[in-house]
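# Sequence first, predicted coordinates after that:
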Amino acid sequence: MIRVEITRGWIKVNGHAGAGAKGSDPVCAAVSTLAWTLIYGISEVLGIEVTILREAKGELEAVWKNDNSREELVLVETVCGSLREIAKKNPKRIIMNDECAS
């Protein structure tokens, strides 16, 4: 099971979906891609410094200064919405918090 928690200023992802063979799990790949897309967007597109607190197999945690900008909200909500859709289609593989961009 993958647990995803996101707020403006923080993302934490841990666990494994168990939807495929190690290294070729499509659910894990999708979640990982979206998490890194958010981190890239915050740091490289918006220019906000991101600190990676934890990066290990099945774990990622990062923080950044929430600047309350519309751009940040759009990035966070886009990733959250995408993750929510994946979670809806894979309810036994992903748990998400309900307050993505609170």
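Received it, and whenever you're ready, just let me know what you need. Numbering: from 1, shown residues only.
# what's the distance between the closest residue to residue 69 other than its chain neighbours and residue 72?
Closest residue to residue 69 apart from its sequence neighbours, by C-beta to C-beta, 6 or more residues apart in numbering: residue 46 at 7.2 Å. Using the backbone N, CA and C atoms, a C-beta is placed for each residue, glycine as well. Relative to residue 72, residue 46 is positioned 6 Å away (C-beta to C-beta, to the nearest Å).
# Look at these two and report which has more neighbours.
Per other C-beta atoms under 10 Å, whichever of residue 46 and residue 72 has more neighbours is residue 72, with 22 against 16.
# list the residues that contact both of residue 46 and residue 72?
Counting by C-beta atoms under 8 Å, 6 or more residues apart in numbering, no residue touches both residue 46 and residue 72.
# Show the contacting residues for the residue nearest to residue 69.
Contacts for residue 46 (C-beta under 8 Å, 6+ apart) come out as 67, 69, 71-72, 75.
# separation between it and residue 97?
Applying C-beta to C-beta, one obtains 22 Å for the distance of residue 46 from residue 97.
# Find the centremost residue of the protein, please.
residue 35 (3.3 Å; C-alpha atoms, centre = their mean).
# For that one, give its distance to residue 54.
Distance from residue 35 to residue 54, by C-beta to C-beta: 12 Å.
# quick one: common contacting residues for these two?
Residues touching both residue 35 and residue 54 (C-beta under 8 Å, 6+ apart): residue 60.
# Good, wrapping up.
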